[in-house]
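1. next comes the sequence, and after it the predicted model I'd like to discuss.
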Amino acid sequence: MPELPEVETTRRGVAPHVSGRKVQSLLVRERRLRWPIPDDLPAIIAGQQLAAVERRAKYLLFHTAPGSVLVHLGMSGSLRLVSPAEPAAFHDHFDMVFSGGNILRYNDPRRFGCCLWQPAGETHPLLAGLGPEPLSADFDGELLYRRARGRRGPVKSFLMDQKVVVGVGNIYANEALFLAGIRPNRAAGRISRVRYQALADRIKQVLTSAIEQGGTTLRDFVGGDGKPGYFAQQLYVYGRQGLPCKQCGEKLQESRISQRTSVYCVACQR
């Protein structure tokens with residue numbers, strides 16, 4: 001599943017090519033995504049100028065005067081810039097056609113993504129109640145420490161709670177916890193303020209590095225330019241269960257936390 005760095009990579013890839021351009025049309029081939037594409041959406045945005053492309057959590061917002069098109073890549077979705085001459089493939093579900101010939105094409109084999117509408121001045125229910133952005137000044141160790149009070153569940157599950165902080169998915173939660181020296185199954189409420197500050201710093205570090213390197217190479221993900229990300233080669237623990245720890249040489253262990261694979265080092269994390 002594309003995580004925050006992959007979505008941010010996509011945003012950075014497509015924004016310069018579509019911002020400031022007029023939306024000529026929205027061509028919908030298959031409206032049955034996770035939620036149906038609204039029937040009136042093509043009529044709403046036709047002729048509108050795209051002011052900017054923003055990311056909120058793992059959602060992309062294409063802002064126009066009357067509102068924003070809200071896009072989520074789901075488990076296997078991707079957005080690519082294509083020429084008008086490129087024929088649509090079987091899983092190319094919609095095209096956003098811009099003045100100047102640019103087409104933003106959405107492909108999603110599993111159809112778990114979405115394309116919805118948020119009127120100007122409103123917050124879509126999918127965005128309501130989300131926690132702060134992990135790379136913003138609003139996110140730090142003090143926030144994590146306060147929100148963890150009284151929580152007995154694993155710290156990894158706590159990090160992946162989108163009401164606590166957005167966009168810290170499975171891959172980057174594994175990596176940040178390793179770099180902070182915290183075992184993923186440790187009770188969230190039993191971690192000190194100092195260790196939470198270290199964890200917040202490592203979350204920022206690992207996400208920033210992933211964004212700079214283009215996201216993590218996953219089977220289904222390609223960036224906005226059609227090229228895969230390159231952060232996978234930097235991973236310390238995710239996908240390396242049974243292999244030696246890069247820091248100490250101890251064999252990495254694997255467990256299931258909240259139905260997700262967790263990989264950690266028993267020597268480096270406590």
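-> Nice, I can see it.
2. in the stretch 151-270 of the chain, which spans are helices?
-> Secondary structure of the stretch 151-270 of the chain (DSSP state H, counting those that start in this stretch): helices at 155-159, 170-180, 193-212.
3. how much space separates Pro244 from Ser19?
-> Applying Cβ to Cβ, to the nearest Å, the value for Pro244 to Ser19 is 46 Å. C-beta: built from backbone N, CA, C; applies to glycine.
4. ditto for Ile257
-> For Ile257, the distance to Ser19 equals 39 Å [Cβ to Cβ].
5. quick one, which of those two is more surrounded?
-> Set Ile257 next to Ser19 and count neighbours by other Cβ atoms under 10 Å: Ile257 wins out with 19 against 15.
6. ok, now which ones touch the more buried one?
-> Neighbour list for Ile257: Pro154, Lys156, Ser157, Pro184, Asn185 [criterion: Cβ atoms under 8 Å, 6 or more residues apart in numbering].
7. can you count the residues close to Ala187?
-> The tally of other residues near Ala187 (other Cβ under 10 Å) stands at 13.
8. unless I'm mixing things up, it is touching Lys156, no?
-> No - using Cβ atoms under 8 Å, Ala187 is not in contact with Lys156, being 10.9 Å away.
9. I'd guess Arg12 is in a helix, am I close?
-> Yes - judged by DSSP: H, G, I helix; E, B strand; the rest coil, Arg12 forms part of a helix.
10. pLDDT value on it, please?
-> For Arg12, the model assigns a pLDDT of 89.
11. that one and Glu6: what is the separation?
-> Arg12 is 11 Å from Glu6, by Cβ to Cβ.
12. these two: who's more crowded?
-> Glu6 (30 against 16).
13. does the more buried one belong to a helix, a strand or coil?
-> Assignment for Glu6 (three-state DSSP): helix.
14. residues touching the spatially closest residue to Leu116 that is not a sequence neighbour, list them.
-> Nearest residue to Leu116, sequence neighbours excluded (Cβ to Cβ, 6 or more residues apart in numbering): Leu70, at 4.5 Å. Residues in contact with Leu70 (Cβ under 8 Å, 6+ apart) are Tyr59, Leu60, Leu61, Cys114, Cys115, Leu116, Trp117, Gln118, His124, Leu126, Leu127.
15. and Cys248, by the same measure?
-> Cys248 sits next to Cys265, Ala267, Cys268 when contact means Cβ under 8 Å, 6+ apart.
16. mind putting these into JSON lines with distance to Glu175, neighbour count and pLDDT?
-> Below are these laid out as JSON lines (distance: Cβ to Cβ, whole Å; neighbours: other Cβ atoms under 10 Å; pLDDT from 0 to 100):
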{"residue": "Cys265", "distance to Glu175": "12", "neighbour count": "23", "pLDDT": "98"}
{"residue": "Ala267", "distance to Glu175": "17", "neighbour count": "13", "pLDDT": "98"}
{"residue": "Cys268", "distance to Glu175": "12", "neighbour count": "19", "pLDDT": "98"}
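17. with distance to Glu133 added, can I get the residues you listed in a markdown table?
-> Shown next, in a markdown table, are these (distance: Cβ to Cβ, whole Å):
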| residue | distance to Glu133 |
| --- | --- |
| Cys265 | 29 |
| Ala267 | 33 |
| Cys268 | 28 |
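18. ok, those vs Lys204, which is closest?
-> Among the contacts of Cys248, Cys268 lies closest to Lys204 (Cβ to Cβ), at 19.8 Å.
19. and the closest one, what is it in contact with?
-> Phe178, Gly181, Cys245, Gln247, Cys248, Glu250.
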